[in-house]
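K.L.:
Pasting the sequence and the predicted coordinates here, then a few questions.
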Number of protein chains: 2
Amino acid sequence: MPVDLPFPLAANLKPVPGIELGFAEAGVRKPNRKDVLIMRLAPGATVAGVFTTNRFCAAPVQVCKAHLEGLQITGRMALDDADAAAGGIRALLINTGNANAGTGEAGLADANATCDALAALLDCERSQILPFSTGVILEPLPVARITAGLPVAIANLKADNWLAAAEAIMTTDTQPKAASRTVVIDGQAVTLTGISKGAGMIRPNMATMLGFIATDAAVAQPLLEHMVKQAADASFNCITIDGDTSTNDSFVLIATGTARVTITDPASPACAALSDALISLSQELAQMIVRDGEGATKFITITVEQGASVEECRKIAYSIGHSPLVKTAFFASDPNLGRILAAIGYAGVDDLDVGKLDLYLDDVLVAKNGGRNPAYREADGQRVMKQSEITVRVRLGRGDAEATIWTCDLSHGYVTINADYRS
Amino acid sequence: MPVDLPFPLAANLKPVPGIELGFAEAGVRKPNRKDVLIMRLAPGATVAGVFTTNRFCAAPVQVCKAHLEGLQITGRMALDDADAAAGGIRALLINTGNANAGTGEAGLADANATCDALAALLDCERSQILPFSTGVILEPLPVARITAGLPVAIANLKADNWLAAAEAIMTTDTQPKAASRTVVIDGQAVTLTGISKGAGMIRPNMATMLGFIATDAAVAQPLLEHMVKQAADASFNCITIDGDTSTNDSFVLIATGTARVTITDPASPACAALSDALISLSQELAQMIVRDGEGATKFITITVEQGASVEECRKIAYSIGHSPLVKTAFFASDPNLGRILAAIGYAGVDDLDVGKLDLYLDDVLVAKNGGRNPAYREADGQRVMKQSEITVRVRLGRGDAEATIWTCDLSHGYVTINADYRS
């Protein structure tokens, strides 16, 4: 039951000139569902991405990172220079149903094989394809079924296929996730449209499960790399559902360059305008993942203020956001708010003086100077806890730093979904 | 539904000369349940303890630590020397139903008030009483109800009340937890008996929610302090249920000295014999907590071997043990074992070479050199996953260090209990 997730989405999604999307029902894991997506880019598009820090980084993630650096991975896990004459990235290939993670050297060969098949169909090089996979870990990728779906996906490539694309990358998501922005830069309209997926194994540590955003602005490669990292840090890197960092997290930004706007100067107003729109869109897509978190019934914003550093604010915010006891209390709408204090206390901020700490639930001051606020009435806490969207605000009284993350509650739905997911 | 927890316990519990236990139904939170426990010690007993590292350390924990150091906490949160002539600890006072945590300065005054009341009844000083509380956080301690129960508890002080004592400290525990050991040292029988409680908010980081062990050996104070820490590190500090470190964790070791055995030399065989018995008893009590974990249906042992350091082995073991996805897969008996690899990968061991890693489920080699073992068959994984006790063994292939922790699965029962606990 997603929390306040806009639906349907299609009416608001804007095509991005220079990118076409096509899908297939390839039967990767189950029949009769979109599970293969191709995103074909115009020549000259620039692409940058950020990826999981999980050491069991999936095979497609390893291949992606190599291809973005103009390298390719050979069968013996070594890196070779790709054909330098090949040019930039021409297509993204995404499958659901299988993560191709924990698959060792065979997994790398499988990821390469899917890239080879698409490169042959699009008349480009393997290193011009970026592969992405999401789904079950530790199972061999069904390469033949995926490659058999490629001609179908190519046949339906269209610029206005964003909603279908969002559907094609869903796993345990209950709704597709997509949004657009339009921003006028130097008198020209620039479009940004993106999709994301993910509902469990969500605690991105570079980017989320899968997120793709395209714009028709032209953006120089080093600047694009800076922008994708900045946007990830302000969005996907601020969410958690269950604390489980995925093996396949990938967030990719594409600039097709078909609009008559070229961004080269990071200090320019044009760059700021595009960055602002990008961050806003990334946050919407990231929050959509939380709103559709497995079993989620509440959308929780956790803000920690007056910290000595952003790092300690994030530590405390995540400690609250990961506590199963806090999350089940939200599910129950039970203002058992001492659990939040306990989570703050074990966050690992060793010199924290709890005597200076205040805790708010929306506008309700629950704890003051580390103890119960004498004016706090349980009825006030109860009123806020019943809402579907709640803000937890912690004031540490020891500095000017702050951080915000977004998370959801822990319900029976989460247990049901994850006890049944593979069955 | 506890996992293989021995019941009933009473037949095996041995009194420890020099310690008597008495309880009352004081109605701290709910009527008609044992919720106040007194443990009265013979003069000359030595006492040592380890306590939570949670920064929201509860008021009674702060008072305990002061009293063990011969200090007392005044009303203004300052430490004063206690009456030096008062002598050692004479009694422990434990209440359930209210944690007296997140209660600020008023909480300290309340903890002192209960100590004062018991000290008056036992004709000793406030600083000779150790107070302990467990239950809901952020609510004022009902001092009057607790002190009203003290005369009843004193009236039924008996040496063979250990089972009733174990019952008196239960909160969401479904069964009392207690065990005994007898060890012959220097030709004399020495007894150790202990109790523990806890089922949620369990990720001890010094000791567990509440654990008390008494022996009739005489043990010198510095050695007792060493032994309690060593035992905690080998037992309560190796368990987790939900990753939530409590504000009230306390583990206390009492040596009444009534047996004709005196331990003074840490290098002596006598000390080794007592230590071995103490660690064995502590592990049984700690594992009882996991077996009775909130909603637990499986008891999971996680061993990480061949690490470069014990610290990295523990990091990886806890990463697996805290993953909601791993824990729900155990609940479902679903060998979705890629989730274990993902948890290993995000454990924060930055230079981990997953290509050297093997994963066993009991005797089944699931992953070899970081990928699926070609000989692995899902039926073998399924067989082990259906058991009520399972060992996960990870071999890192990078050193000689190892660590073991114990945990349980995450079930609908956990969500139900924690969504309803306070209601």
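P.N.:
Thanks, I have it.
K.L.:
Next, work out how far apart the nearest residue to A:Ala166 once chain neighbours are set aside and chain B are.
P.N.:
Taking C-beta to C-beta, 6 or more residues apart in numbering or on different chains as the measure, A:Ala166 lies nearest to A:Pro176, with 3.5 Å between them; neighbours along the chain are not counted. Quick note: C-beta positions are derived from backbone N, CA and C, even for glycine. A:Pro176 sits at a distance of 23 Å from chain B (criterion: C-beta to the nearest C-beta, to the nearest Å).
K.L.:
Count the residues that sit near A:Pro176.
P.N.:
Around A:Pro176 sit 26 other residues, with neighbours defined as other C-beta atoms under 10 Å in any protein chain shown.
K.L.:
and what of A:Arg40?
P.N.:
Taking other C-beta under 10 Å as the neighbour definition, A:Arg40 ends up with a count of 20.
K.L.:
Likewise for A:Leu365?
P.N.:
The burial metric for A:Leu365, expressed as a neighbour count using other C-beta under 10 Å, is 15.
K.L.:
That one contacts A:Pro374, doesn't it?
P.N.:
No - no contact is recorded between A:Leu365 and A:Pro374 when judged using C-beta atoms under 8 Å, the distance being 10.1 Å.
K.L.:
which strands and helices sit next to the strand or helix carrying A:Thr404?
P.N.:
In this assignment (DSSP states H and E), A:Thr404 forms part of strand A:401-408. For strand A:401-408, the helices and strands in contact under the criterion 3 or more C-beta pairs under 8 Å, 6 or more residues apart in numbering or on different chains; DSSP states H and E are helix A:269-291, strand A:299-307, helix A:310-322.
K.L.:
Those: lowest mean pLDDT?
P.N.:
Mean pLDDT is lowest for helix A:269-291 among the helices and strands packed on strand A:401-408, at a mean of 89.
K.L.:
sorry, back to before: for A:Ala379, find the nearest of the helices and strands packed on strand A:401-408.
P.N.:
Nearest to A:Ala379, of all these, is strand A:299-307, at 20.5 Å by C-beta to C-beta.
K.L.:
Return the set of buried residues in the closest one.
P.N.:
Of the residues in strand A:299-307, those buried by neighbour count under the rule 16 or more other C-beta atoms under 10 Å in any protein chain shown are A:Phe299, A:Ile300, A:Thr301, A:Ile302, A:Thr303, A:Val304, A:Glu305, A:Gln306, A:Gly307.
K.L.:
ok, what's across the strand from the third one?
P.N.:
So the one you mean is A:Thr301. Listed by DSSP bridges, the beta-bridge partners for A:Thr301 are A:Thr391, A:Trp406.
K.L.:
quick one: it and A:Gly102, what's the gap?
P.N.:
Using C-beta to C-beta, to the nearest Å, one gets 34 Å for the distance from A:Thr301 to A:Gly102.
K.L.:
which bits of the stretch 251-400 of chain A sit near chain B?
P.N.:
Taking C-beta under 8 Å from any C-beta of the partner chain as the test, the list of the stretch 251-400 of chain A residues beside chain B reads A:322-325, A:328-329, A:331-332, A:334, A:336-339, A:341-347, A:349-350, A:352, A:354-355, A:366-367, A:369-372.
K.L.:
Just the residues you listed: which are in strands?
P.N.:
Those of those mapping onto strands are A:Val366, A:Ala367, A:Gly371, A:Arg372, per DSSP state E.
K.L.:
Is it correct that the first one is in contact with A:Asn373?
P.N.:
Same thing as A:Val366. Yes - look at A:Val366 against A:Asn373 with C-beta under 8 Å: they come within range, at 6.1 Å.
K.L.:
looking at it, A:Leu118 is touching A:Leu92, isn't it?
P.N.:
No - the criterion here is C-beta under 8 Å, and A:Leu118 misses it with A:Leu92 at 9.5 Å.
K.L.:
any common contacting residues for those two?
P.N.:
Taking C-beta atoms under 8 Å, 6 or more residues apart in numbering or on different chains as the contact criterion, the residues that touch both A:Leu118 and A:Leu92 are A:Ile38, A:Ile129.
K.L.:
ok, the residue lying closest to A:Ala113 once chain neighbours are set aside to A:Val36 distance?
P.N.:
Leaving out its chain neighbours, the residue that sits closest to A:Ala113 by C-beta to C-beta, 6+ apart is A:Val143, at 5.0 Å. Distance of A:Val143 to A:Val36, computed by C-beta to C-beta: 12 Å.
K.L.:
ok, now A:Ala179?
P.N.:
From A:Ala179 over to A:Val36 the distance is 23 Å, taken as C-beta to C-beta.
K.L.:
These two - which one has more neighbours?
P.N.:
Here A:Ala179 and A:Val36 are compared on neighbour count by other C-beta under 10 Å; more neighbours surround A:Val36, at 28 against 25.
K.L.:
partners of that one in the sheet?
P.N.:
Counting by DSSP bridges, the residues bridging with A:Val36 are A:Ala24, A:Asn95.
K.L.:
Could you verify my assumption that it touches A:Asn156?
P.N.:
No - checked against C-beta under 8 Å, the pair A:Val36 and A:Asn156 is beyond contact range at 11.1 Å.
K.L.:
list the residues that contact both of those two?
P.N.:
Contacts common to A:Val36 and A:Asn156, judged by C-beta under 8 Å, 6+ apart, are A:Phe23, A:Ala24.
K.L.:
Dihedrals phi and psi, A:Thr103?
P.N.:
Here is the backbone geometry of A:Thr103 (degrees, to the nearest 10): phi -110, psi 0.
K.L.:
A:Arg181 too?
P.N.:
In this entry, A:Arg181 is assigned phi and psi values of phi -140, psi 150 (degrees, to the nearest 10).
K.L.:
now swap in A:Asn54 and tell me
P.N.:
A:Asn54 adopts backbone torsions of phi -60, psi 130, taken as degrees, to the nearest 10.
K.L.:
so it makes contact with A:Arg203?
P.N.:
No - contact between A:Asn54 and A:Arg203 fails when scored by C-beta under 8 Å: they sit 10.0 Å apart.
K.L.:
Comparing the two, which residue is more hemmed in?
P.N.:
Residue environment comparison for A:Asn54 versus A:Arg203 gives the larger neighbour count to A:Asn54, 26 against 21, counting by other C-beta under 10 Å.
K.L.:
who's in contact with the residue nearest to that one when sequence neighbours are not counted?
P.N.:
Beyond its immediate neighbours in the sequence, the residue positioned closest to A:Asn54 (C-beta to C-beta, 6+ apart) is B:Gly345, lying 3.8 Å away. B:Gly345 makes contacts with A:Asn54, A:Arg55, A:Phe56, A:Cys57, A:Thr245, A:Thr247, B:Leu352, B:Val354, as judged by C-beta under 8 Å, 6+ apart.
K.L.:
Return the closest of these with respect to A:Trp162.
P.N.:
Sorting the contacts of B:Gly345 by distance to A:Trp162 puts A:Thr247 at the head of the list, at 26.1 Å, by C-beta to C-beta.
K.L.:
Just say helix, strand or coil for A:Thr191.
P.N.:
The three-state assignment at A:Thr191 reads strand, by DSSP: H, G, I helix; E, B strand; the rest coil.
K.L.:
Now the stretch 201-350 of chain A against chain B: closest residue?
P.N.:
Evaluated by C-beta to the nearest C-beta, the stretch 201-350 of chain A has A:Gly338 as its residue closest to chain B, separated by 2.4 Å.
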